[in-house]
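Novice: Build the 3D model from these lines:
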Amino acid sequence: MIPSHLLEDVLGQPGRIMGRILESADQNPGNADNMCQPDIVGDTKDIDPENIWKVKGPSAPSAIDLGRRVEVLDAMGIDRQLVFPTTAIAAMMVGGMNDMAYEMRWGGDLSVFEGMSRPDFTSAFLNAYNEWVIDNVNLAGGRIRMVGIVTTQPDVKDMIATATRLVDAGVRAVYLQADVPPGGTSPAHSQLDPLWRLLEENDVAVTLHIGTEFFFLDPAWMVAETLLDLFQSPEIPNANIQLFSTVHMALDNYVSAMVLGGVFERFPRLRLGMMEVGAHWIGNAARRMDMYVKVFPGAAAAKFPLRPSEYIARNVRISPFNFEPVDRYIQDDPNLAEVFCFSTDYPHVEGTKDSMKNMLAKLEPMGEEITTKFFRTNAEWLLP
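Specialist: Predicted structure coming up:
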């Protein structure tokens with residue numbers, strides 16, 4: 001969570017432009033969690049075992065310098081961590097949104113792009129970001145795993161080329177967009193099989209994440225007099241309740257295509273993780289798919305050796321928001337107890353304060369086996 005004015009130091013011109021975009025869209029000046037904090041000169045805050053759970057935003061220890069992150073992990077008792085890119089996901093939004101969506105979310109000031117088009121800026125930013133990931137691929141001997149980005153392309157070969165470069169460099173997790181059909185087809189199409197095979201054979205986790213919902217659902221769904229109470233996230237401005245209530249839909253659709261299309265049957269060791277999209281929906285999705293393989297007995301999915309819910313339990317992991325009743329989810333769907341995983345979301349404010357204590361209080365009454373699965377063994381599937 002590098003503050004806007006320091007992004008250029010890490011990512012060059014694309015970082016400078018992203019910093020200006022964040023500053024032009026800033027609706028939350030003075031907030032200690034905000035991306036725009038020009039008074040921050042570096043990563044200087046002490047790593048205090050107590051405050052590490054409470055201090056959020058660019059001033060939090062190792063928000064800027066990932067070289068300090070292992071000390072933070074040790075203070076938290078975290079063994080391994082996936083690190084997602086706040087600004088790279090924001091850059092994907094900037095380049096892919098229609099004009100109305102861009103104006104709603106970022107304010108519409110095009111002077112910040114230094115003559116680039118929005119899509120060209122996104123391409124430049126993601127190239128710079130992936131280079132940064134490659135340069136930091138082996139932080140703390142693999143405990144800190146930066147997530148590379150494989151954007152959706154019209155030609156799947158281009159996606160495979162990007163993934164190959166990241167995998168060959170040693171990247172252990174990649175982020176794919178769940179909003180647009182990859183290569184114009186379902187992710188279950190055979191043309192994607194070389195991508196899934198590459199990631200499976202190299203134990204690279206596939207991840208889906210909040211951020212590109214505008215491409216799946218038209219932003220006009222959020223335009224109403226009663227939906228103007230905007231949430232000013234320190235990471236991404238101008239979100240609202242409608243966005244968060246539907247943020248999972250693109251991923252639900254993507255997972256359904258993978259499961260019913262046989263991706264996990266063909267690639268039984270493919271690892272899929274979903275972050276910051278809530279976990280309330282995964283049980284319903286599993287039950288829905290189980291129901292439909294009975295409704296359509298002639299479908300290929302009905303002839304697979306496992307039920308859809310069993311593929312989800314084996315291959316999929318999801319991190320609930322820390323306000324969700326994950327204990328009830330596990331009680332309702334005990335066959336999915338292996339699916340739910342703890343996430344700090346550090347140093348983002350959405351991770352909430354004392355998240356580990358809050359989640360432990362929900363799960364501890366369910367016993368040591370469930371607690372251990374949620375906090376440790378389930379996530380080991382994503383971070384082998």
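Novice: Tell me if I'm right that V204 and G170 touch.
Specialist: No. Assessed by Cβ atoms under 8 Å, V204 is found out of contact with G170, at 9.8 Å. C-betas here are computed from N, CA, C, even on glycine.
Novice: For the stretch 101-250 of the chain, which residues score under the pLDDT cut-off?
Specialist: Applying pLDDT under 70 to the stretch 101-250 of the chain flags the ranges 232-237.
Novice: all strands of it, in order?
Specialist: Counting by DSSP state E, counting those that start in this stretch, the stretch 101-250 of the chain has strands at residues 144-146, 148-150, 173-176, 205-209.
Novice: Go ahead and produce CSV holding the CA coordinates of the longest one.
Specialist: I take that to be strand 205-209. Backbone C-alpha positions of strand 205-209 (Å, rounded to 0.1, in the frame of the first residue of the first chain) are rendered in CSV as follows:
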residue,chain,number,x,y,z
ALA,A,205,-2.0,-20.7,-7.3
VAL,A,206,-4.7,-19.1,-9.5
THR,A,207,-6.4,-16.2,-7.6
LEU,A,208,-9.5,-14.1,-8.3
HIS,A,209,-10.0,-10.8,-6.4
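Novice: on that earlier part again, out of the strands of the stretch 101-250 of the chain, which is closest to T122?
Specialist: strand 148-150 (10.4 Å; Cβ to Cβ).
Novice: what does that closest one contact?
Specialist: Under the criterion Cβ atoms under 8 Å, 6 or more residues apart in numbering, residues 85, 88, 92, 126, 129-130, 133-134, 159, 162-163, 166, 171, 173-176, 195 lie in contact with strand 148-150.
Novice: Which residue comes closest to the most centrally placed residue in the chain once chain neighbours are left out?
Specialist: Nearest to the geometric centre of the chain sits H209, at 2.6 Å (Cα atoms, centre = their mean). Spatially, and ignoring its direct neighbours in sequence, H209 is nearest to M275 (4.9 Å; Cβ to Cβ, 6 or more residues apart in numbering).
Novice: measure the one you found to G211 for me?
Specialist: 10 Å (Cβ to Cβ, to the nearest Å).
Novice: More neighbours: which of the two?
Specialist: Neighbour count, other Cβ atoms under 10 Å: between M275 and G211, G211 has more, with 27 against 21.
Novice: Can you tell me the closest non-neighbouring residue to that one?
Specialist: I89 (3.8 Å).
Novice: what's the answer for M1, then?
Specialist: A63 (4.3 Å).
Novice: Three-state assignment for the one you found, please.
Specialist: Counting by DSSP: H, G, I helix; E, B strand; the rest coil, the backbone at A63 sits in coil.
Novice: Based on its surroundings, how many neighbours for it?
Specialist: The burial count for A63: 24, using other Cβ under 10 Å.
Novice: what's the answer for S117, then?
Specialist: Count around S117 with other Cβ under 10 Å applied: 11.
Novice: And D203, by the same measure?
Specialist: 15.
Novice: again, but for M258
Specialist: Here the count is done by other Cβ under 10 Å, and M258 has 24 residues near it.
Novice: Please state the offset of the strand or helix carrying it from the chain centre?
Specialist: Element membership for M258, per DSSP states H and E: helix 249-260. Distance, stretch centre to chain centre, for helix 249-260: 15 Å (Cα atoms, centre = their mean, to the nearest Å).
Novice: Just the CA atoms from the helix or strand just after it would do, formatted as PDB, please.
Specialist: Next along the chain after helix 249-260, taking DSSP H and E as the criterion, comes helix 263-266. The C-alpha coordinates for helix 263-266 follow below in PDB (Å, rounded to 0.1, in the frame of the first residue of the first chain):
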ATOM      1  CA  VAL A 263     -11.300 -27.900 -15.400                       C
ATOM      2  CA  PHE A 264     -10.700 -29.500 -12.000                       C
ATOM      3  CA  GLU A 265     -11.500 -32.900 -13.300                       C
ATOM      4  CA  ARG A 266      -8.800 -32.500 -16.000                       C
END
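Novice: Show me what secondary structure element comes after helix 263-266.
Specialist: Going down the chain from helix 263-266, the next helix or strand is strand 272-275, by DSSP H and E.
Novice: what is the rounded mean pLDDT of that following strand?
Specialist: Strand 272-275 comes out with an average pLDDT of 97.
Novice: which residues sit against that strand?
Specialist: Residues contacting strand 272-275 (Cβ under 8 Å, 6+ apart): 82, 84, 173, 205-210, 251, 255, 258, 315-319, 341, 343, 382.
Novice: Could I get the full set of helices for the stretch 101-250 of the chain?
Specialist: 118-135, 156-168, 193-201, 241-246, 249-260 (DSSP state H, counting those that start in this stretch).
Novice: Any chance of these in JSON lines with distance to L363 as columns?
Specialist: Shown next, in JSON lines, are the helices of the stretch 101-250 of the chain (distance: least, Cβ to Cβ, whole Å):
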{"stretch": "helix 118-135", "distance to L363": "33"}
{"stretch": "helix 156-168", "distance to L363": "34"}
{"stretch": "helix 193-201", "distance to L363": "30"}
{"stretch": "helix 241-246", "distance to L363": "23"}
{"stretch": "helix 249-260", "distance to L363": "23"}
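Novice: Go through those helices and pick out the most buried.
Specialist: Mean neighbours per residue, mean count of other Cβ atoms under 10 Å, is largest over the helices of the stretch 101-250 of the chain for helix 249-260, with a mean of 22.
Novice: Show me what that one is packed against.
Specialist: Where contact means 3 or more Cβ pairs under 8 Å, 6 or more residues apart in numbering; DSSP states H and E, helix 249-260 is packed against strand 205-209, strand 272-275, helix 282-295, helix 308-315.
Novice: Can you tell me which of the ones you listed is nearest to M356?
Specialist: Ranked by Cβ to Cβ, the member of the helices and strands packed on helix 249-260 that lies closest to M356 is strand 272-275, at 16.5 Å.
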